[in-house]
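Novice: any chance you can model this:
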Amino acid sequence: MSKHGKSTIKAREVRGAESRTYTLEEAVELVKKARFAKFDESVDVDVRLGVNPKYSDQMVRGTVVLPHGTGKTKKICVIAAGEKLKEAEEAGADHFGGDEIIEKIAGGWIDFDIVIATPDVMRGVGKLGRILGTKGLMPNPKSGTVTFDIRKAVEETKAGKVEFRVDKTSIVHSTVGKVSFPEDKLIENLKTFLQAIVHAKPAAAKGKYIRSMFVSSTMGPSFRIAEDILES
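Specialist: Numbering: from 1, shown residues only. Prediction:
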């Protein structure tokens, strides 16, 4: 039997009946038990919402600082001027600068995971829309990446701040840690993320808001969270 086949059988044995639902604690325990990849897999969450994102008043978007981070170090690029560049350096930004950074990105350089910019340089940053926009890296006030408080933005990102946004299929996807994290830390991250989704509920959303939630690892099976937990 192939290694892939053995892994699939192991995953099915851990998950059991596909129709079963789990508490957050049970799901996290099983995600850790079902690991079979040689690398430290991410723990992911998928939440299906009762909204229609094609209507602007039903868009769900926000940010949340996970108490224990995601386990992934993000390279931060700050575009600013004057004293804000010093602030970026002191806060731990990986790259920082003004027009020279804009020109560098325009030339094809994208050695970063997130861009934070001050409002006064957005005219220049706006010219990078075709490059940054297609990769989901364009700074936006709603995600806290267009701000004069550079120190806070950089420090929160380093601490585990993640941005979430409902996609066209009404699902929010996010990473909430690594399989190597202790169970209690993964559970706390999941609860914090779920609370952020609830707080982001648009006023126009009608009926059942959180339809379903699944927790999984990068290569492992997914575990559906019980509805009574989502409604509590």
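
Novice: what helices or strands is the biggest helix by length in the chain leaning on?
Specialist: Using DSSP state H, we find that the single longest helix of the chain is helix 183-199. Applying 3 or more C-beta pairs under 8 Å, 6 or more residues apart in numbering; DSSP states H and E, one finds that helix 183-199 makes contact with helix 24-33, strand 42-49, strand 61-65, strand 161-165, strand 171-178, strand 210-217. C-beta coordinates here come from the backbone N, C-alpha and C atoms, glycine included.

Novice: so which of those gets nearest K104?
Specialist: For K104, the closest of the helices and strands packed on helix 183-199 is strand 161-165, at 23.6 Å, according to C-beta to C-beta.

Novice: quick check: mean pLDDT of the closest one?
Specialist: Strand 161-165 carries an average pLDDT of 90.

Novice: also stretch 48-62?
Specialist: Across stretch 48-62, pLDDT averages out at 93.

Novice: and the end-to-end length of that stretch?
Specialist: 16 Å (C-alpha to C-alpha, to the nearest Å).

Novice: buried residues in it?
Specialist: Neighbour counts over stretch 48-62 (16 or more other C-beta atoms under 10 Å) mark 49, 51, 53, 58-60, 62 as buried.

Novice: now do the longest helix of the chain: distance to the chain's middle.
Specialist: Helix 183-199 sits 12 Å away from the centroid of its parent chain (C-alpha atoms, centre = their mean, to the nearest Å).

Novice: could you do stretch 176-184 as well?
Specialist: Worked out by C-alpha atoms, centre = their mean, stretch 176-184 lies 15 Å from the chain centre.

Novice: same check, this time on stretch 206-216
Specialist: Distance, stretch centre to chain centre, for stretch 206-216: 17 Å (C-alpha atoms, centre = their mean).

Novice: could you do stretch 128-140 as well?
Specialist: 17 Å.

Novice: quick one on the thing from earlier: need the helices and strands packed on helix 183-199 in a markdown table with distance to L194, can you?
Specialist: As requested, those are exported to a markdown table (distance: least, C-beta to C-beta, whole Å):
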| stretch | distance to L194 |
| --- | --- |
| helix 24-33 | 8 |
| strand 42-49 | 7 |
| strand 61-65 | 10 |
| strand 161-165 | 11 |
| strand 171-178 | 10 |
| strand 210-217 | 7 |
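
Novice: closest to G107 out of the ones you listed?
Specialist: Closest among the helices and strands packed on helix 183-199, using C-beta to C-beta: strand 161-165, at 26.1 Å.

Novice: run me through the strand neighbours of the closest one, direction for each.
Specialist: Strand 161-165 pairs in its sheet with strand 61-65 (antiparallel), by DSSP bridges.

Novice: what average pLDDT does the very next helix or strand once past the partner strand get?
Specialist: Next helix or strand after strand 61-65 toward the C-terminus (DSSP states H and E): strand 76-79. Mean per-residue pLDDT for strand 76-79: 97.

Novice: next, the buried residues of the helix or strand just after strand 76-79.
Specialist: Sequence order places helix 83-91 as the next helix or strand after strand 76-79, per DSSP H and E. Residues of helix 83-91 classed as buried by neighbour count (16+ other C-beta under 10 Å): 84-85, 87-88, 91.

Novice: and for stretch 189-205?
Specialist: 189-190, 192-194, 196-197, 200, 202, 205.

Novice: any chance of those in a markdown table, with distance to K142 and pLDDT too?
Specialist: Formatted as a markdown table, the buried residues of stretch 189-205 follow (distance: C-beta to C-beta, whole Å; pLDDT from 0 to 100):
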| residue | distance to K142 | pLDDT |
| --- | --- | --- |
| N189 | 22 | 96 |
| L190 | 23 | 96 |
| T192 | 19 | 95 |
| F193 | 18 | 96 |
| L194 | 20 | 94 |
| A196 | 14 | 94 |
| I197 | 15 | 95 |
| A200 | 11 | 93 |
| P202 | 13 | 94 |
| A205 | 17 | 89 |
